[in-house]
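# missing the sequence, but the structure's below:
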């Protein structure tokens, strides 16, 4: 297989003297760990999608229940999230160039896009002709979109926290980009899940 | 690969102070022992529950406890033994203790996440047990199949779900740590194909945890909605689909069997070469068969559901896929036999338990292949045959390896040897007890005794009593073990750094190891199984 992959920040794992042990630098693999966690998180969605598709294939809906959904609002929402991935990326690039004011502006735009998504999602919920416990289709719809909405809520909060932390004198800077990069990776993941969700729940 | 520094006793004693084991320590060795001791406590609770079940089954009528209590005890026994004993011990305890040594690191990749993962377990266990006192524990078995789980004690079932969700989260955090540690924390110069086999086993296990545990978590959340919010995901009375629950549940719980045995395969692969003084036979095929088991383990789940109205194509596919698993598993078995073949074997307790594992697991494996065949499975589904088969795998397999590992690594962890005669007594009591307890259950199942019942046909009484006698032997067998572990900690022969003359890195430091694992530089071990090829470094 491969040889060891020392990241730029990691020195040799072993030290020369035992006295240096306690001050030895612990290598930073946090982004890798987050990516591993997102694989697991993605499997939760995969399980939900599998359940949804099986329900649709096997379980007939009760008389008069609604399957078809309005497409306008969710399509706008898809657009919002895709644009927000782009704006988050701009924020990351700005931080790399040490342009904090620009980074903060893009972060704020991203957070507003995320919150607009949530608002539109809520508006859709209130206009739907079925509730959580009406039938199997409704329950599954709310469970999946709700679980995704939870991810968007968490992501938006994290973006706002980073926005605050990247102020002058805050802990997020071009030297410490991990909080921003981790949130960005998570945000792209949440957007990607939405695209799949949109395809399966709305278009299929 | 040479290192021989004198032990720094002051340092050793300072970091081994007992208070450290009750706090939020980030040292992988402390966390490993926390997992181990916590796991053993739950093992004794789960064992006592099993004793209660076997006592009830001494007579055909329900006379020892009410039927509802029998259901609760049965559910608790299964849940505790799987989620609080075997999975945390064979992964968390040995994984945390050994993996950083094997990759040549001072700690796991994420020490704090590691501590968090451990500290999710005691609350989850207490939560689970507390449900007894909060209106009754769950009665639907460790599988929690709806509609049964929707119609019995709701509070107990919800608490059960919360507890399993916590334990699942702990398991996922642990798996993230193992993947990152094996892939990213290796000492420079150490290649993947030079790692001790347990690293590969833990990598494969962690992949299974990461891919399957989240599915169970999502499913259990939906199940709790069915109980609390009265949705109808799995409730046929409300248009739901109970079979979908079974699919999602077994998508986790079949891989869970491999999450319980793959690490055991890895540990046996560490123990046998040391005591047979021979290299591990077929290293490369071992690696490939672990990965093959990981892949096949993910696509065989529906063999638990042959009586759930599965369509013929599904039965065909899952029968064939399941039978295929016998191939990589068989490769591993022949590799272990070939490792032992012609070696100068010391028949100590660690080796006895390892060989006991091989015997038991071959038997459990054969009944497993039999169970994969649809016509046979339909005949014995939900009978004691399945109970017998399963316990040969998890007790005869994994628990035997846990005991073998205790005898093998105790000298490293404590610095003193375990007593051999007591160990041999422990082995023979356990081995005879296990076979007496579970072999007759195959006969019971073939003759139609269903599982999970407090009452049965009187014609089965004698065989059930035989099985209960075996259970009693297994209970007695823990006494010499407990005495041994406690007595040897104070009076056992001093082990020295490397009592087995082993080559893997954990033996190339003091016993017990210092806080940062090695007093100097981490040793670079290119041939962890190089017995008979060159003289061991530490001798």
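Okay, I see it. Quick caveat: nothing in here was measured; it's all calculated off a predicted structure.
# need the contact list for residue B:206.
By C-beta atoms under 8 Å, 6 or more residues apart in numbering or on different chains, residue B:206 lies in contact with B:174-176, B:178-179. (C-beta placed from N, C-alpha, C; glycine too.)
# low-confidence stretches in the stretch 251-400 of chain B?
Applying pLDDT under 70 to the stretch 251-400 of chain B picks out no residues at all.
# in the chain, where is pLDDT below threshold?
Answering for chain A, as no chain was given. A:1-25.
# I was after chain B.
Ranges of chain B meeting pLDDT under 70: B:1-17, B:533-539.
# how about 50 then?
B:1-11, B:536-539 (pLDDT under 50).
# of the contacts of residue B:206, which are in range of chain A?
B:175-176, B:179 (C-beta under 8 Å from any C-beta of the partner chain).
# related to what we said a few turns ago, just the contacts of residue B:206 now: which is nearest chain A?
Relative to chain A, the closest of the contacts of residue B:206 is residue B:176; by C-beta to the nearest C-beta it sits at 4.7 Å.
# need the three-state assignment for the closest one.
Classification of residue B:176 using DSSP: H, G, I helix; E, B strand; the rest coil returns helix.
# which SSE is the closest residue to it other than its chain neighbours in?
Nearest in space to residue B:176, with sequence neighbours left out and distances taken as C-beta to C-beta, 6 or more residues apart in numbering or on different chains, is residue A:36 at 4.7 Å. Assigned by DSSP states H and E, residue A:36 belongs to helix A:30-58.
# likewise residue B:523?
For residue B:523, there is no host helix or strand (DSSP H and E).
# buried stuff in stretch B:264-282?
For stretch B:264-282, the neighbour count (16 or more other C-beta atoms under 10 Å in any protein chain shown) marks B:264-276, B:278-282 as buried.
# next up, phi/psi of residue B:494, please.
phi -60, psi 130 (degrees, to the nearest 10).
# my guess is it contacts residue B:411. True?
No - using C-beta atoms under 8 Å, residue B:494 makes no contact with residue B:411, being 9.1 Å away.
# spell out which residues are contacts of both of these two.
Among the neighbours of residue B:494, those also in contact with residue B:411 (C-beta under 8 Å, 6+ apart) are residue B:417.
# more neighbours: which of the two?
A count of neighbours by other C-beta atoms under 10 Å in any protein chain shown puts residue B:411 above the other of residue B:494 and residue B:411, at 24 against 10.
# near residue 32, how many other residues are there?
You didn't say which chain, so I picked chain A. For residue A:32, the neighbour count with other C-beta under 10 Å is 18.
# my question was about chain B
Here the count is done by other C-beta under 10 Å, and residue B:32 has 25 residues near it.
# check the one 5 residues further on too.
Taking other C-beta under 10 Å as the criterion, the count of residues near residue B:37 is 12.
# need phi/psi at residue B:66.
Main-chain dihedrals, residue B:66, degrees, to the nearest 10: phi -60, psi 160.
# please apply the same query to residue B:152.
The phi/psi pair for residue B:152 (degrees, to the nearest 10) is phi -100, psi 170.
# so it touches residue B:67, yeah?
No - using C-beta under 8 Å, residue B:152 makes no contact with residue B:67, being 11.5 Å away.
# which non-adjacent residue is nearest residue A:50?
With sequence-adjacent residues excluded and distances taken as C-beta to C-beta, 6+ apart, residue A:50 is closest to residue B:248, at 7.3 Å.
# surely that neighbour is in a helix?
Yes - with three-state DSSP as the criterion, residue B:248 is part of a helix.
# do I have it right that it meets residue B:219?
Yes - counting by C-beta under 8 Å, residue B:219 is a contact partner of residue B:248 at 4.1 Å.
# which neighbours do these two share?
With C-beta under 8 Å, 6+ apart as the test, residue B:248 and residue B:219 both reach A:47, A:51.
# restricted to helices, list the buried residues of stretch B:264-282.
B:264-276 (DSSP state H).
# closest one of the residues you listed to chain A?
residue B:266 (17.1 Å).
# what's the distance between the closest one and residue B:108?
Per C-beta to C-beta, to the nearest Å, residue B:266 is found 17 Å from residue B:108.
# just put the contacts of residue B:206 in JSON lines and tack on neighbour count.
Below are those laid out as JSON lines (neighbours: other C-beta atoms under 10 Å in any protein chain shown):
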{"residue": "B:174", "neighbour count": "30"}
{"residue": "B:175", "neighbour count": "27"}
{"residue": "B:176", "neighbour count": "26"}
{"residue": "B:178", "neighbour count": "27"}
{"residue": "B:179", "neighbour count": "23"}
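# let's have those residues in a markdown table, adding distance to residue A:32.
Below are the contacts of residue B:206 laid out as a markdown table (distance: C-beta to C-beta, whole Å):
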| residue | distance to residue A:32 |
| --- | --- |
| B:174 | 16 |
| B:175 | 13 |
| B:176 | 9 |
| B:178 | 13 |
| B:179 | 8 |
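# spell out which parts of the stretch 51-200 of chain B neighbour chain A.
For the stretch 51-200 of chain B, the residues in contact with chain A (C-beta under 8 Å from any C-beta) are B:104-107, B:109-111, B:113, B:172, B:175-177, B:179-180, B:183-193.
# the buried residues of stretch B:264-282 also near chain A: which ones?
Within the buried residues of stretch B:264-282, nothing lies near chain A by C-beta under 8 Å from any C-beta.
# show me the contacts for residue B:230.
Listed by C-beta under 8 Å, 6+ apart, the contact partners of residue B:230 are A:133, B:238.
# tell me if I am right that it is in a strand.
No - looking at residue B:230 with three-state DSSP, it is coil, so not inside a strand.
# tell me how many other residues crowd the closest residue to residue B:349 other than its chain neighbours.
Once flanking residues are discounted, residue B:349 sits nearest to residue B:423: 3.3 Å by C-beta to C-beta, 6+ apart. Residue B:423 has 24 neighbours, counted by other C-beta under 10 Å.
# state the distance from residue B:423 to chain A.
Distance, residue B:423 to chain A, by C-beta to the nearest C-beta, to the nearest Å: 35 Å.
# for stretch B:326-333, the distance to its chain's centre please.
Mean-position distance between stretch B:326-333 and its chain equals 19 Å (C-alpha atoms, centre = their mean, to the nearest Å).
# run through who's touching that stretch.
With contact meaning C-beta under 8 Å, 6+ apart, stretch B:326-333 is reached by B:265, B:282, B:285-286, B:288-290, B:292-293, B:296, B:358, B:361-362, B:365, B:368-369.
# can you tell me which of those end up in helices?
Mapping the contacts of stretch B:326-333 onto helices (DSSP H) picks out B:265, B:285-286, B:288-290, B:292-293, B:296, B:358, B:361-362, B:365, B:368-369.
# neighbour-wise, which one of the residues you listed leads?
Among the ones in helices among the contacts of stretch B:326-333, the one with the most neighbours (other C-beta under 10 Å) is residue B:265, at 29 neighbours.
# tell me who's in contact with it.
Residue B:265 is in contact with B:197, B:201, B:290, B:332, counting by C-beta under 8 Å, 6+ apart.
# tally of neighbours for residue A:97?
Neighbour count for residue A:97, taken as other C-beta under 10 Å: 10.
# distance of it from residue A:171?
To residue A:171, residue A:97 is 19 Å away according to C-beta to C-beta.
# do residue B:249 as well
According to C-beta to C-beta, residue B:249 and residue A:171 sit 43 Å apart.
# which of the two has more residues huddled nearby?
Comparing residue B:249 with residue A:171 by other C-beta under 10 Å, the one with more neighbours is residue B:249, at 24 against 11.
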